[in-house]
Every structure is written in structure tokens, then in C-alpha cells.
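> would you be able to build a 3D model of this:
(chains A and B)
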Amino acid sequence: MTYDSTQSPYIVLNAIRKGYRIGSETVPIFSNLDLEIPRGDFVAIMGPSGSGKSTLLSMLAGIDRPDSGSLCIGTCLLHQMGEAARTAWRAGNMGIVFQFYNLLPMLNAAENVELPLLLRPLSSKERRVRVEKVLDLVGLAGRGNQHPKLMSGGQQQRVGIARAIVTDPPLLLCDEPTGDLDRKSAEDILGMLRVLNKEMGKTIVMVTHDPQAAQYASRTLHLDKGIFTEERRAAR
Amino acid sequence: MNFFGMARKNALRKPLRTALLIICVTVAFLIYGLTASFVNGSQGGASGASENILGVMSAAGRTQPLPISYINRIKAEPDVLAVGYMTRLRGFATVEKNIIPVSAFDPRQLMDVNGKELGLTSQLMERFSENRGKVLVGRALAEAQGWKIGQRITVTSFDVQKQDGSRDWPFDIAGIFEGENASTDTYFVIAQYDYVNAMRSRHKDTVDAFVVRPQQHVAAGELAARIDQQFANSAAPTRTQSEKQFLEAFLRQYADIGLIVNLVVGAAFITLLMIIVNTMVFAVRERNFEIGVLKTLGFSDFRIMILILGETLFIFAVGGGIGLAGAMAFAAFSSPALGLVLSMELFFNAMIMIIALGIATGALPARNALKTPAVTALRAR
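Sure thing, here's the model as predicted:
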């Protein structure tokens, strides 16, 4: 179940078909989708509602599967992997940032960040050191004991990002990461994603409705009715 | 933080709901602890009484006397190691409801037949045998009555009259016997047969029962049948049972306590199971979205199942622990007359029930959580 290609892109989608059954009918989302994303790229995916952005992100995250076609990330052929294998793959290879942060309310910030580390054979001390390090990285040093409900939206999203990168995954998927934030907080978060991309080499795929957010990516893909209609590369 | 810590935090996110569930579990295990302790104690029965020691009574009923001479024919049975006779003197001290059971034995025979089980020592027996009016009192009875060694007590018999017409039987306490273990019945007085037999007005030279200790490796049931066969055609046929069978049959005269307890406890636990399963199904359904988030972060089905089972186990461990502790405290501080015995076996059974019910109540909500795909769960918000 490996994809042997030293020079090939990090993410390869080939002839992806995907539809959803509604009653007896199948509504097609993608009929023949192709996409290649090199390692270390920062890609923004834009498009109107219903264009398939979230479905694409779900497939990249391994929580949904294409009906046909191949989906390869790194050396893993996700379309061939079962549910348990994809779950194990997610734990080690991917971080995800949600629009509404999706922090667990009964845990404080540090415990939310620690969650993915519970899946690794680390001592509690090792986990604590890593959590403190990433909270410092996202500008929340010393606020680990604070509960998410007492934090602003921007701070909660920083916790969400810390949780996504605490295992140091090569791939970061962001689902409207600034969709629920004011402009200033949104710029902070996008600046942070850019740092993660430029300085830490993370491959980032970000779904967004916001053209200003998309400007932080190195290229923007427009998705409409299940196909990419336009690609724009950033000037900077 | 670890998985158990997370399960605990999940359980405590709605403190009132969790507190009510814990109270349900506490009450159920308190009921279980007390009723099972009662069965344990009353059938001191069932667990403390020996299966091997046989009691030979009249087949016409336990209140009908047997001739003392039967002892020679029983002793002649080669599989009998020791035999002793006994007569009962049921009475009360001070007030009628303060019932004092008295069993009168021959001291030497008693030591041979039942000395080990009753925890009788040679020093105790020496003091007991000093004169015929001396008695030994069981620890439970002595504590309940506040009796001390050397004290003179008077037991007023319900039905055994003395030759002078009185039913008051004075005794001097020579010692207190402890019983072999905690479940041994020690709520009675051991008096001397010769004293009772000499003083009583009726049924002289008769006994209420013979106590038989079989030789080692002898099947007690077969020996019992042979003894009864010996007296089958006599004027007073016998019925021989083990001490345990006798006590169980005696208690069954009133009701099948074990069955009643099992039904009460069973009903309590089935109700508890339904309440907690129902509550947990809703609690986990409320968290469907969060479970989707955990699955997206890479939590496997197994780990999510552990989280949910951990939550129900936490509720059962806390509730069951409090309930059992309450039952233990009640058993320890209640009057020995109640006969509550919370044995290690009972405690161990309760632990198994806590674990089994914790898993059983978490199984359905866990199954529901596992069958929802992450992508569907994430849309649940």
C-alpha cells in the first residue's frame, strides 16, 4: 500500500469520483478530479458552497473515501486503506484545524493540545514538554490551564492549531480556519500558518471563502461543481 | 492527563446527572451489601456451618426428644469419629423479646465434635467444666448483651421448667468463645447437659439432637442415611442432616431468604442497568460531534470504546464503592443480633458485579458511538 515515487508530488488525486446518495439517487460531487500538491506547498481552495471543498478536505483527511480513483499522500494510498488504517494514519501524519475550533469543553487548553499525544508512547513528562513548546509557539505560553470557554475566538483557534501541530505532522489541513474570527485575529492565525509553512516546512491545504485569507497561500485553486476551474499563484 | 482522567472528566461534565447516577449505584450496592450480608450471617449458616458435621434429630420434628441411649448405636457406626448429645433451652433475658438461645452439651463430647468450629480452647473448657452451672457465651451474644466473664446471668426458659416449677435458669459465665472465623454463629450460650437434665422436670435423659463428626474422607450424606436406617423401625425414627442443611432448612421454615434476596437484588440491578444505559446512550449521543473530532484526531474505535466504558466504570466504581463501604460500616457497627456478615467472598462478588455492570452499561452507547463514521459525526453539530 505504498506509492513509490521519489520525485512525485506529496499529494496526488487521480480521477477521483465521489457522490452522495440521497434517497435512491446519487448526487455527484466529483466526476473526474485530479490534483497534485508538492511537499511544502501552501494551497488555498476556494469555491462556492456545494462545490465540494469540504468533501475534498474530508478525503484528504482520510475520514471519507472516494468512490473510485486514487488518493495518495506521501507513500500511503488512502483509497485502498480501511477505516482503522486510515485512523492510524491520521494520528501520525496529519493535523487538522477546524472553523469552529472543535475543542473539547471539559478539557483545558493544555489538555486539548495533549489529546493527539495520548496516542503515542510518551511519558506524561514528555507530553507536557511538547505541549508547553507548541503553546509557546502559538503565543499562548502560560495559558495552558485556561478553559476554552474563557478564551477569545482567536485564542481558541491558536489552541486548535497547537493541537494540530503538536505531533509535528507533515500535513496540515485547515477547514475555514478564520471563518469565525475578526479580521485582526484572522490575520494572526494566517500569519501563523504561513510561518508553519515557510519555517517548519508543513504542507498546508486550506479551504476558505475569504479571498484575503487565500492570499496567504502560495497558490489558490478555485473549485466549482466538482472541478478546478482556475489556479492562481501568489506573487510574493 | 490520561485515558482514565479523560473518562472521569467526561463523567463529571454534567455533575448533577453523574451525581444522580452515582446515588442510584450507591443505593443498589448498599441494598446488595446489606441483604447479602444478612443471608451470609443468618445462614452462618450457609457459609459458616459445616457440611461435614451431622445433626441427628427426631424425624417427627426438631422439638421432639430422642432417647439419650441412641448415642451408643451411633458411636458404634465405624465411620463416626465423634458424637455428642445436645438439648436446647430457648429463653430470654430480662424481657421476652431479648431471646437467648442456649444449647446444653457434655463438655468433653462438645470439644471432640465441634471444638474446632466454635474456637474452643482447652483453657476455656477447663474453666467451663469447673462446675455444672458454668456456661460459655459466644462473642456476638456477649457483646450484644454486654456480658462479662464471671458474671451471673439468668435465662428464663419459654418451655423448659425446673423441678421447683420455676423457669429461671441461673448460669455463671466461665468464658467467651470466638468461633473459628467471622461467619461462625456465636450468638448463643453453651451450657452443660448434666446441669439442665438434672434440674428439668420433664424429658429427663432425652436429647434434642446428636451431633456427629464423621471420619475423614467419609461421605457425610451416606453416613447420614445409614444412621437414619438404624432407627427407621424404632419408636423414635431420626432424621440426619449436615449442620448446613439443617440451618438452611430451619431458615426456609420462614421463607427462602436467599431467593428473596436474589430477586430483590436482581430487580434493583436490572432497574439500575436500564437507567444507566438509557442515560449513557443520551449522554454519548450528545457528544457525537466530539467523538467525530476524536476520530479525526486519530483515536481508534478501541480507544473511544475505552473512554466510554471508562466513564461507566468510573460511575460504578465510585457508586459501588460508596455503597459497599456503607454496607461494611453498617455491618461493623450494627448489633450482632442482626447477624450481618460482609465476607471477603461477598466483597469480591460485588467487585465483579461493579466491573460487569460498568462494562454492560457502557457497551450499548459505545457501540452506537463506534458505528457512526467520523465524517457523519462531524456534521452532527
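> what distance do you get for B:Asn40 to B:Ala182?
9 Å (Cβ to Cβ, to the nearest Å). In short, each C-beta sits where N, CA and C put it, glycine included.
> mind checking which of those two has more residues around it?
With neighbours defined as other Cβ atoms under 10 Å in any protein chain shown, B:Asn40 and B:Ala182 compare such that B:Asn40 has more, 24 against 17.
> mind checking the SS state of the more buried one?
helix (DSSP: H, G, I helix; E, B strand; the rest coil).
> surely it and B:Leu346 touch.
Yes - applying Cβ atoms under 8 Å as the test, B:Asn40 and B:Leu346 come out as touching, 5.9 Å apart.
> in contact with B:Tyr324, which residues?
Not quite, residue B:324 is Leu, not Tyr. If you count contacts by Cβ atoms under 8 Å, 6 or more residues apart in numbering or on different chains, B:Leu324 has them with B:Phe29, B:Leu30, B:Gly33, B:Leu342, B:Phe347, B:Ala350.
> B:Ala235: neighbour count?
For B:Ala235, using other Cβ under 10 Å, the count is 7.
> ok, it - contacts?
Contact partners of B:Ala235, counting by Cβ under 8 Å, 6+ apart, are absent.
> and it, helix, strand or coil?
At B:Ala235 the chain is in coil, as set by three-state DSSP.
> may I see the buried residues of stretch A:162-177?
Neighbour-count burial for stretch A:162-177, counted by 16 or more other Cβ atoms under 10 Å in any protein chain shown, picks out A:162-167, A:169-177.
> ok now it, how far from the chain's centre?
6 Å (Cα atoms, centre = their mean, to the nearest Å).
> before we move on, the earlier item: most surrounded residue in the contacts of B:Leu324?
The most crowded member of these, judged by other Cβ under 10 Å, is B:Phe29 (28 neighbours).
> which pLDDT does the model give that one?
You'll see B:Phe29 listed with a pLDDT of 91.
> right, and it touches B:Gly323 too?
Yes - B:Phe29 lies in contact with B:Gly323 (Cβ under 8 Å); the separation is 2.8 Å.
> what is the neighbour count of B:Ser122?
9.
> look up the closest residue to it, ignoring the ones flanking it.
Nearest non-adjacent residue to B:Ser122, counting by Cβ to Cβ, 6 or more residues apart in numbering or on different chains: B:Met111, 8.0 Å away.
> distance from the helix or strand where that neighbour lies to the middle of the chain?
B:Met111 is part of helix B:107-118 when elements are defined by DSSP states H and E. Per Cα atoms, centre = their mean, the displacement of helix B:107-118 from the mean C-alpha position of its chain is 22 Å.
> what sits up against that helix?
Outside helix B:107-118, the residues that touch it by Cβ under 8 Å, 6+ apart are B:50, B:53, B:81-85, B:120, B:122, B:125, B:128-129, B:177, B:179-180, B:184, B:186, B:190, B:192, B:211-213.
> about what we covered before: and the pLDDT for the residue nearest to B:Ser122?
B:Met111 is assigned 90 on the pLDDT scale.
> next, count neighbours for it.
For B:Met111, the neighbour count with other Cβ under 10 Å is 21.
> repeat that for A:Ile204.
A total of 24 residues lie near A:Ile204 under the criterion other Cβ under 10 Å.
> can you show me the helices along the chain?
Looking at chain A here, since you left the chain open. Counting by DSSP state H, one finds helices in chain A at the ranges A:53-60, A:83-93, A:109-114, A:124-137, A:153-165, A:183-198, A:211-214.
> you looked at the wrong chain, it should be chain B
Secondary structure of chain B by DSSP H: the helices cover B:3-11, B:15-42, B:70-75, B:107-118, B:122-128, B:139-145, B:193-199, B:220-230, B:243-252, B:257-286, B:288-297, B:301-333, B:344-371, B:374-378.
> name the stretch among those that sits most buried.
helix B:288-297 (a mean of 22; mean count of other Cβ atoms under 10 Å in any protein chain shown).
> for chain B, what's the nearest residue on chain A?
Going by Cβ to the nearest Cβ, chain B is nearest to A:Ala91 of chain A, at 2.6 Å.
> would you agree that residue is in contact with B:Gly298?
Yes - counting by Cβ under 8 Å, B:Gly298 is a contact partner of A:Ala91 at 2.6 Å.
> centre-most residue in chain A?
In chain A, the residue lying closest to the centroid (Cα atoms, centre = their mean) is A:Leu173, at 0.9 Å.
> beta partners of it?
Beta-bridge pairing of A:Leu173 under DSSP bridges involves A:Ile96, A:Val205.
> hmm, back to that, out of the contacts of B:Leu324, who's nearest B:Gln161?
Within the contacts of B:Leu324, the smallest distance to B:Gln161 is 40.7 Å, found for B:Leu342 (Cβ to Cβ).
> just checking, what packs against the strand ranked longest in chain B?
When chain B is parsed with DSSP state E, its longest strand is strand B:80-92. Contact partners of strand B:80-92 among helices and strands, from 3 or more Cβ pairs under 8 Å, 6 or more residues apart in numbering or on different chains; DSSP states H and E: helix B:70-75, strand B:99-105, helix B:107-118, strand B:152-157, helix B:193-199, strand B:206-207, strand B:209-214.
> let's have those in TSV, adding distance to B:Ala317.
Shown next, in TSV, are the helices and strands packed on strand B:80-92 (distance: least, Cβ to Cβ, whole Å):
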stretch	distance to B:Ala317
helix B:70-75	53
strand B:99-105	41
helix B:107-118	37
strand B:152-157	47
helix B:193-199	53
strand B:206-207	53
strand B:209-214	44
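> excluding its backbone neighbours, what's nearest the residue in the stretch 101-250 of chain B positioned nearest to chain A?
Nearest residue of the stretch 101-250 of chain B to chain A (Cβ to the nearest Cβ) works out as B:Ala182 at 42.1 Å. In space, B:Ala182 comes closest to B:Val341 once its chain neighbours are excluded; the distance is 6.0 Å by Cβ to Cβ, 6+ apart.
> my guess is the one you found meets B:Asn40, correct?
Yes - at 4.4 Å, B:Val341 counts as touching B:Asn40 under the criterion of Cβ under 8 Å.
> residue numbers of the stretch 251-381 of chain B in contact with chain A?
Residues of the stretch 251-381 of chain B lying close to chain A (Cβ under 8 Å from any Cβ of the partner chain) are B:289-290, B:293-301, B:303, B:373-375, B:378, B:381.
> quick one, domains of chain B?
Residue ranges for the domains of chain B, per automatic domain parsing: B:3-45+B:256-378, B:65-235.
> ends of the longest one, how far apart?
The distance separating the two terminal residues of domain B:65-235, taken as Cα to Cα, to the nearest Å, comes to 11 Å.
> what's the offset of that domain from the middle of its chain?
In terms of Cα atoms, centre = their mean, the centre of domain B:65-235 is found 22 Å from the chain centre.
> skip the chain neighbours and tell me the closest residue to B:Ala374.
Closest to B:Ala374 by Cβ to Cβ, 6+ apart is B:Lys295, at 3.7 Å.
> correct me if wrong: the one you found contacts B:Met305.
No - if you go by Cβ under 8 Å, B:Lys295 and B:Met305 don't touch, sitting 11.9 Å apart.
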